[in-house]
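*Asks:* turn this into a model:
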Amino acid sequence: KFYTDAFMADWHRLNIQEPTRWTPATQHIQEQIELVKTLEEKGYTYRTSDGIYFDSLKFPRYADFARLDVENLRKGSRIDMGEKHNATDFALWKFSPKDKKRAMEWDSPWGVGFPGWHIECSAMAMKYNGPTLDIHCGGTDHIRVHHTNEIAQSECANGVPFARFWMHGEFLRTASEEKLEDGTTEQKFGKMSKSSGEFLTVSLLMDRGFNPLDYRFFAIGSHYRNYLNFTWEALEGAKEGLKSLHKKTDPLIGKATAIESEAAKAFQNEFKDAIGDDLNMPRALGIMNTMLKSDIDDGEKAALVADFDKIFGLKLDQPREEYAKKGANDGIDTAKIEALIAARKEARANKNWAESDRIRDELAAMNVVIKDSKEGTTWEIKA
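*Replies:* Model prediction:
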């Protein structure tokens, strides 16, 4: 709950559209058990002393997605595989240790235990979206193991492709100074990690005087399949770039008319083509800038900005100064927030956890962060 609340607070700060459903894995244990049972019945599993494993050799296309060299993986593996049959086999269900009780464990047909790292994603996806997804997203680090394992278990269970399109985001990389033999230093970029130094968070951005939308503008200036190299100087440049964009769009607020001219429709179609080209956001930004410099009338420009910003999510329907410097409680329905918090308190007293979670999510959607303590519940608005 701690990390979910933190994640959702940042989600709203970055103006990301709310999904239609949040699905905690711990509320879908039965679906995960049923999926493992299906794989077991179809002969894709084997049992060891510590769990139920997927036999990757029984899925001939296991290596295709990640282009793995399974034979060399097997020969070169320096990891003790224990009772695993193959280096690429993975746990579907793990047994709890006999000598201690885990914080999270459940009964299953195989004994008390917990799901493997991959089964939850397939089980929840199938429940809500069917056996084949249109689009599956994730980071590039998921390709080699997690997404490969999802494909294997899902397609063996259902006999159909798991996803039609995969969209993998590359890493955000941070800079570090490397000392050379001649005594000079060189700036190098590497994967962001806590061990390498400062770890970028939305809160840190805000502490350094940036609005979360400055970072959003910085991010969409690069294609999601490319590395994104972060420096504070680059973020400062994005901040100034967003300010410059607002100077062009702020005067258009409230002037939108119908998009009727051929020139305006051409810009709209170009934008759709850019978004349809594997989310080519840098190209889409360029189209908007070209449109703003064009001689189409202000009403159509305003309408196109509003249309484009459904994708950009930069709040171009608000003057920058309004969202960047607005007081924390300006325009906030305090009475509604207090009423929701009171209703949540009552739900918790009645052990109605589902209703309590629903109210918490509603508050999060209003950018309200709540904090529970022995003294009671406090709340604050996050930008």
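
*Asks:* skipping adjacent residues, who's closest to P251 in space?
*Replies:* D298 (7.8 Å; C-beta to C-beta, 6 or more residues apart in numbering). C-beta here means a position set from N, CA and C on the backbone, and glycine is covered the same way.

*Asks:* and what of T23?
*Replies:* That would be M124: by C-beta to C-beta, 6+ apart, it lies 4.8 Å from T23.

*Asks:* what does the helix or strand I311 falls within rub up against?
*Replies:* Using DSSP states H and E, I311 sits in helix 298-312. Here helix 298-312 makes contact (C-beta atoms under 8 Å, 6 or more residues apart in numbering) with 220, 249, 251-261, 264, 267-268, 271, 275, 281, 284-285, 287-288, 291-292, 294, 315-317.

*Asks:* show me which positions of that helix end up buried.
*Replies:* Using 16 or more other C-beta atoms under 10 Å as the burial criterion, the residues of helix 298-312 that qualify are G299, E300, K301, A302, A303, L304, V305, D307, F308, D309, I311, F312.

*Asks:* the stretch 151-300 of the chain: helices as residue ranges?
*Replies:* 202-207, 212-220, 232-249, 262-276, 281-293, 298-312 (DSSP state H, counting those that start in this stretch).

*Asks:* possible to save those as a markdown table with mean pLDDT and distance to T174?
*Replies:* Formatted as a markdown table, those follow (pLDDT from 0 to 100; distance: least, C-beta to C-beta, whole Å):
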| stretch | mean pLDDT | distance to T174 |
| --- | --- | --- |
| helix 202-207 | 86 | 12 |
| helix 212-220 | 96 | 13 |
| helix 232-249 | 96 | 10 |
| helix 262-276 | 98 | 28 |
| helix 281-293 | 98 | 21 |
| helix 298-312 | 97 | 25 |
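
*Asks:* out of those, which is the most enclosed?
*Replies:* Comparing these by mean neighbour count (mean count of other C-beta atoms under 10 Å), helix 212-220 comes out on top with a mean of 21.

*Asks:* and that one, what does it pack against?
*Replies:* helix 202-207, strand 228-230, helix 232-249, helix 281-293 (3 or more C-beta pairs under 8 Å, 6 or more residues apart in numbering; DSSP states H and E).

*Asks:* same thing but 10 Å
*Replies:* Judged by 3 or more C-beta pairs under 10 Å, 6 or more residues apart in numbering; DSSP states H and E, the packing partners of helix 212-220 are helix 2-13, helix 202-207, strand 228-230, helix 232-249, helix 281-293, helix 298-312, helix 320-325.

*Asks:* what's the closest of these to D55?
*Replies:* With respect to D55, and counting by C-beta to C-beta, the nearest of the helices and strands packed on helix 212-220 is helix 2-13 at 33.3 Å.

*Asks:* H146 - that's part of a helix, no?
*Replies:* Yes - H146: assigned to a helix according to DSSP: H, G, I helix; E, B strand; the rest coil.

*Asks:* count of neighbours near it?
*Replies:* 17 (other C-beta atoms under 10 Å).

*Asks:* excluding its backbone neighbours, what's nearest it?
*Replies:* Per C-beta to C-beta, 6+ apart, closest to H146 is H118, 5.9 Å.

*Asks:* what segments of the stretch 1-150 of the chain are helices?
*Replies:* Counting by DSSP H, counting those that start in this stretch, the helices of the stretch 1-150 of the chain are 2-13, 29-41, 70-76, 119-129, 148-158.

*Asks:* wait, which of those is closest to P109?
*Replies:* Per C-beta to C-beta, nearest to P109 of these: helix 29-41, 6.6 Å.

*Asks:* packing partners for the closest one?
*Replies:* Using 3+ C-beta pairs under 10 Å, 6+ apart as the test, helix 29-41 ends up in contact with strand 45-48, strand 51-54, strand 90-95, strand 113-115, helix 119-129, helix 148-158.

*Asks:* identify the residues contacting the second one?
*Replies:* By that I understand strand 51-54. 36-37, 39-40, 44-47, 62, 83-86, 88-96, 108-111, 113-116, 118-119, 149, 152-153, 156 (C-beta atoms under 10 Å, 6 or more residues apart in numbering).

*Asks:* ok, the residue nearest the centre of the chain - contacts?
*Replies:* When the chain is reduced to its mean C-alpha position, the closest residue under C-alpha atoms, centre = their mean turns out to be G138, at 7.4 Å. Residues near G138 by C-beta under 10 Å, 6+ apart: C121, H146, H147, E150, W166, M167, H168, G169.

*Asks:* what's the spacing between the second one and I135?
*Replies:* To tie it back to what came earlier, the one meant is H146. The spacing between H146 and I135, counted by C-beta to C-beta, to the nearest Å, is 16 Å.

*Asks:* again, but for the fifth one
*Replies:* Between W166 and I135 the distance is 8 Å, computed by C-beta to C-beta.

*Asks:* which one's more surrounded, the two?
*Replies:* Neighbours were counted for W166 and for I135 using other C-beta under 10 Å; W166 has more, 16 against 9.

*Asks:* could you find the closest non-adjacent residue to that one?
*Replies:* Using C-beta to C-beta, 6+ apart, the closest residue to W166 is H136 (5.4 Å).

*Asks:* how many neighbours does that neighbour have?
*Replies:* Neighbours of H136 using other C-beta under 10 Å come to 19.
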